[in-house]
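Novice: Model the structure of this input:
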Amino acid sequence: MSTVGQVERKTQNRIVKLFKDELGYTYLGNWEDRTDNSNIEERLAIDYLKRRGYNYPMITRALYELKVAANNYNESLYDNNKNVYKLLRYGVPVKVEAGDNYKTVQLIDWKHPEKNDFTIAEEVTIHGNKEKRPDIVLYVNGIAIGVLELKRSTVSIGEGIRQSIVNQKKEFIGQFFSTVQFVFAGNDTEGLRYGTIETKEKYFLKWKEDIEDTSRLPLDKYLMKMCNKKRIIELMHDFVLFDGGIKKLPRVHQYFGIKAAQAHVRRREGGIIWHTQGSGKSIVMVLLAKWILENNPNARVVIITDRDELDKQIERVFNDAGEPIKRTSSGRDLMLQLSMPSPRLLCSLVHKFGRKKVENFEKFIKELESQPSQAVGELFIFVDECHRTQSGKLHRTMKAMLKSAVFIGFTGTPLLKKDKETSLEVFGKYIHTYKFNEAVEDEVVLDLIYEARDIDQKLTSPQKIDAWFDIKTRGLNDFQKAELRKKWGTMQKVLSSKTRMEKIISDIIFDFGTKTRLNDDKGNAILVASRIYEACRYYELFQSTEFKGKCAVVTSYNPATRDITTEDTGENTETEKEYIYEIYSDLLQNVAARPGKTKTETYEDEVKNRFINEPAKMKLLIVVDKLLTGFDAPSCTYLYIDKSMQDHGLFQAICRVNRLDTEDKLFGYIVDYMDLFNKVENAVAVYTSELDYDSFEKNECDILLQSRIDKGKERLDNAIEQLELLCEPVESPKDTLDYMHYFCGNPEIPEDLKDREVQRTALYKGTVAFIRAYANIADQMETAGYTEKEIIKIKKQLDFYIKLREEIRRASNETLDMKTYEADMRHLIDTYVQSDDPHCISPFGDMPLIEIIVKSGIADAINSLPEDIKGNKEAAAEAIENNVRSKIIKDHLIDPAFFDEMSILLSAVIRERKENSMEYEAYLKRIAEIARQVQEGKRDITPEPMNTPAKRALYNNLGKDIKLATEVHEAVMNYRPDGWRGNDAKENSIKAALFEILKTRGEVERIFAIIKEQGEY
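Specialist: Residues are numbered from 1 along each chain as shown. This is a model prediction of the structure:
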């Protein structure tokens, strides 16, 4: 029998069997009707702890402390989960009687995974603020550590993820997740995704291992990998991180990178971890350092970085993870700390390590080697960005001072040939690699789109410029003139730079008005200038545009009067240093320095924070060297390069735009004004040349920097193909009614709409992808290789799918968040798509169809429908019926009795229409009447005293008893305290008053559920 499209229940049965038979978990049963389900199952926990030899008083105390940590209603889910994790990870210190010493109760046996009790239960009903029922819950020793939501193969895995995200909210069963370490979602087609508490949907991860094994479904395969008893205990113990308010689990490359590094550490071998930019190297550092310190009592770890920001980040992450770290203030301080047995964990900036301006470096190294530092303990030195060639001497200095240390280098790029010798000598071979193309494939970072833009420069009179130069340099000899020309470059560059800059500024402003993410304030950009002087000029020129107050300059410059004391030329002009000083003085004028920071540092911290968190208020950062490494801003979408760059510097710079962000960020865009593409290609060639000690192919290291036009054409072709494939099953003749049946189903059956939700979502997203792909190259279709005939066809297809989407949206009564999908594209659609007003098909805009019926009548409602629908009586009828049915379902909880009656009436009218037992005009009259009552939420015969929605709901659901409904209404009004919803104690006070009237608990709960839906209470 085929398993294609099998129902979720069958998938769940198979997965339960997998946990029992193959993973060795004990099956606890179906807990749908079991009361008092909890994330801490005391009976199971007590049984385990008794077997471990703990006495009953210790067990009782330990479980009490665990429950207190898990159920602290004054703390957030993150804090509760973090406190629970500490007790799981390090044990619960208990003291049974006063005067006793504390003893630790270990809730999990980390060293012997097989000695723990692994169990699962399914359909675990949790009674929180609202009842929820996770599909499968994983328990270790009675403590819930994993939740798995399963979906049928035709339903998106995202639905399972979103289900768990909603369940974690306080309004639902958030408290249940206080012990949970893993949140899984899966189906048979997309496989398995994993995250942890409060993980956003876009950050749910895929596991990837043994990819050549295709013997079973991906869901089963990766549950076997991740939920293997030894693996899941290891992941919990060594790979959970609490980082500044965000709980994190490892990506698969981080896990295997650390595992490889652990093997090197055991052998006391160094090496290099090459994980591409944006893939989370700092997390690898933290987790590896924690493991080393925990598993080797003599170990000490020193983390050497070259960026103050990363130095601070590492300090924060370690402290947040419960591992105290010492930031050293100087090289002398570092060596002093190493000569003492503690602290065990230190970090230092690389420029504090070693001596500057050593004339005879080789002699200096020999001196250090003859008198190495008397460091205490077994040293492991982590060096970030170990590829930097300028650090070669510092590497040798460190090796000379710390002879016995093990050095582990971290880099985001492969080694260049010129780095190879030094890096091999200092660190050794690669420990683990994770290349850019792998990260793009795994959706860890975004692919990059490259576009070169040429800014033409012409001089109107070269002769005058030569004459001007001769006059200005009169009195100088030939050597002095040559030196001056060398310093300034060509006169053409000097005199045309402002014009060139203005053209670039206009170009950037145009992009912000037309490009995805830039024109809806979701994304922003970085402009790289060649020097601080140019950066300041760009900044000044932007101040006369709409970017005033929304752009900033971030460079290494910090203004000081000594910069200009010798700069006065005696003429009425500014030198470059004077100009820079004046610009910075102006922009820092109103900045108040924060404690321990200069005005410049305070200013830069503020603008970086706004750039990351408020892209609408900080659209552009102008930089030279700063922020081009290690600056992570998911909002950053475009990088404009007006600086000659190459090799590592260029690669790291372009990776500023590859960070994941919201759904509409599909790529990072590189706009190159310096024709650097060949340099990028050359850098890739250099990276992959002569790596004879490692078997790398060029495509393994490839940056995947792609032409905007080429990639744009590929995206457009794929978008069209996806929509054509989606619509292929629609029955002939493929008119409006056929499409409605395919995407909406039978309006008499509410489940039909639900069952076809996947198709409709695919249509909506596919149309938006088509719009975006087309708009991205609409002005360069010929350049992309399309013929005139093909362009006309694509425009017609776009018009068709936009209209089809609107028809289906109206028919199913689903409104789209236009901002989320395409507000950023409206400008380009209006410019390039000439059709019959595709973006405003109805004169009523997005007003619900049922509301139009009530306010303007059935005729106007039909006229508001898309052209193809209103011209087809059956299609129009189904659209109206779908809208009325949707309103009934949506508002059912407000007044179940009334909407049940309306549903029956609607079904009867639909049946009569289908049986042709009434005229179309009579049908329209009847359906309009039902629509009016549904919209108003009342019948015409409702008694006058029931004059509010809440009273009517009580009347309808209390047997149409006016007296009883009035009593209940008055009781609620008299006993409801402020802010009663969601507060158990306050809700119970209302329920107590209702019990006096209704007499049974079941009736109280039924009516109370309706009361909670009433706005007037």
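
Novice: all contacts plus neighbour counts: C-alpha atoms, from now on.
Specialist: OK.

Novice: which residues are contacting stretch 252-268?
Specialist: 206-208, 239, 270-271, 273, 280-281, 284, 287-288, 292, 406, 431-434 (Cα atoms under 8 Å, 6 or more residues apart in numbering).

Novice: Now tell me what touches stretch 37-56 from outside.
Specialist: Outside stretch 37-56, the residues within contact range by Cα under 8 Å, 6+ apart are 31, 59, 63, 67, 105, 107, 116-117, 124-126, 141-144, 176-179.

Novice: In helices, which of those residues appear?
Specialist: Among the contacts of stretch 37-56, the members falling in helices are 59, 63, 67 (criterion: DSSP state H).

Novice: TSV for these, including neighbour count, distance to residue 35 and pLDDT?
Specialist: Listed next are the ones in helices among the contacts of stretch 37-56 as TSV, based on neighbours: other Cα atoms under 10 Å; distance: Cα to Cα, whole Å; pLDDT from 0 to 100:
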residue	neighbour count	distance to residue 35	pLDDT
59	24	23	95
63	19	20	96
67	17	18	95
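
Novice: now the host helix or strand of residue 184: mean pLDDT?
Specialist: Taking DSSP states H and E as the definition, residue 184 sits inside strand 182-187. Mean pLDDT, strand 182-187: 96.

Novice: got it, and stretch 738-755?
Specialist: 79.

Novice: Show me what counts as buried in that stretch.
Specialist: The neighbour-count check on stretch 738-755 (16 or more other Cα atoms under 10 Å) flags 738-748, 752-753 as buried.

Novice: Send me that stretch as CSV with only the CA atoms.
Specialist: These are the backbone C-alpha positions of stretch 738-755, laid out as CSV (Å, rounded to 0.1, in the frame of the first residue of the first chain):
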residue,chain,number,x,y,z
ASP,A,738,-11.7,25.3,-11.9
TYR,A,739,-9.0,27.3,-10.1
MET,A,740,-11.3,28.0,-7.2
HIS,A,741,-12.2,24.3,-6.8
TYR,A,742,-8.5,23.4,-6.8
PHE,A,743,-7.4,26.0,-4.3
CYS,A,744,-10.5,26.3,-2.2
GLY,A,745,-12.5,23.1,-2.6
ASN,A,746,-16.2,22.7,-1.7
PRO,A,747,-17.5,25.7,0.4
GLU,A,748,-20.0,23.4,2.1
ILE,A,749,-17.2,21.5,3.7
PRO,A,750,-15.1,23.8,6.0
GLU,A,751,-12.3,21.2,6.1
ASP,A,752,-11.9,21.7,2.3
LEU,A,753,-10.4,25.1,2.8
LYS,A,754,-8.1,23.8,5.5
ASP,A,755,-7.0,20.9,3.4
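
Novice: is residue 119 in a bridge, and if so with what?
Specialist: When bridges are taken as DSSP bridges, the partners of residue 119 come out as residue 26, residue 139.

Novice: now the buried residues of stretch 738-755 as JSON lines including distance to residue 510 and secondary structure?
Specialist: Listed next are those as JSON lines, based on distance: Cα to Cα, whole Å; DSSP: H, G, I helix; E, B strand; the rest coil:
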{"residue": "738", "distance to residue 510": "43", "secondary structure": "helix"}
{"residue": "739", "distance to residue 510": "39", "secondary structure": "helix"}
{"residue": "740", "distance to residue 510": "40", "secondary structure": "helix"}
{"residue": "741", "distance to residue 510": "43", "secondary structure": "helix"}
{"residue": "742", "distance to residue 510": "42", "secondary structure": "helix"}
{"residue": "743", "distance to residue 510": "39", "secondary structure": "helix"}
{"residue": "744", "distance to residue 510": "41", "secondary structure": "helix"}
{"residue": "745", "distance to residue 510": "45", "secondary structure": "coil"}
{"residue": "746", "distance to residue 510": "47", "secondary structure": "coil"}
{"residue": "747", "distance to residue 510": "47", "secondary structure": "coil"}
{"residue": "748", "distance to residue 510": "50", "secondary structure": "coil"}
{"residue": "752", "distance to residue 510": "46", "secondary structure": "helix"}
{"residue": "753", "distance to residue 510": "42", "secondary structure": "helix"}
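
Novice: Relative to residue 539, which of these is nearest.
Specialist: Closest approach between the buried residues of stretch 738-755 and residue 539, by Cα to Cα: residue 743, at 51.9 Å.

Novice: just checking, that closest one touches residue 756?
Specialist: Yes: in this structure, residue 743 sits in contact with residue 756. The criterion is Cα atoms under 8 Å, and the distance is 5.8 Å.

Novice: Filter the contacts of stretch 252-268 down to the buried ones, PyMOL style.
Specialist: Below is the selection syntax for PyMOL that covers the buried ones among these, with 16+ other Cα under 10 Å defining burial:
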select buried, resi 206+207+239+270+271+273+280+281+284+287+288+292+406+431+432+433+434
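
Novice: Narrow the contacts of stretch 252-268 to those in helices?
Specialist: Among the contacts of stretch 252-268, the members falling in helices are 281, 284, 287-288, 292 (criterion: DSSP H).

Novice: Sort out which one of the residues you listed lies nearest residue 656 for me.
Specialist: residue 281 (14.8 Å).

Novice: Return the residues in contact with the closest residue to that closest one other than its chain neighbours.
Specialist: Ranked by Cα to Cα, 6 or more residues apart in numbering and with sequence neighbours excluded, the top spatial neighbour of residue 281 is residue 275, at 6.5 Å. Under the criterion of Cα under 8 Å, 6+ apart, the neighbours of residue 275 are 281, 410-413, 432-435.

Novice: so what's residue 524 up against?
Specialist: 517-518, 611, 615-616, 618-620, 635-638.

Novice: Narrow these to those that are buried.
Specialist: Buried members of those, scored by 16+ other Cα under 10 Å, are 517-518, 611, 615-616, 618-620, 635-638.

Novice: which of these lies closest to residue 902?
Specialist: The shortest approach to residue 902 among those belongs to residue 517, at 44.4 Å (Cα to Cα).

Novice: pretty sure the closest one is touching residue 523, no?
Specialist: Yes: under the criterion of Cα under 8 Å, residue 517 is in contact with residue 523, at a separation of 4.7 Å.

Novice: Quick check: neighbours shared by these two?
Specialist: A shared contact of residue 517 and residue 523, defined by Cα under 8 Å, 6+ apart, is any residue touching both; here these are residue 637.

Novice: Which ones among the contacts of residue 275 map onto strands?
Specialist: The members of the contacts of residue 275 that map onto strands under DSSP state E are 410-411, 432-434.

Novice: Give me the lowest-pLDDT entry from those.
Specialist: The lowest pLDDT within those belongs to residue 411, which sits at 83.

Novice: Any figure for the gap between it and residue 223?
Specialist: Here the distance between residue 411 and residue 223 works out to 32 Å (Cα to Cα, to the nearest Å).

Novice: and if you look at residue 671?
Specialist: Between residue 671 and residue 223 the distance is 43 Å, computed by Cα to Cα.

Novice: and if you look at residue 435?
Specialist: With distances taken as Cα to Cα, residue 435 is found 26 Å from residue 223.

Novice: Also residue 296?
Specialist: For residue 296, the distance to residue 223 (Cα to Cα) stands at 32 Å.
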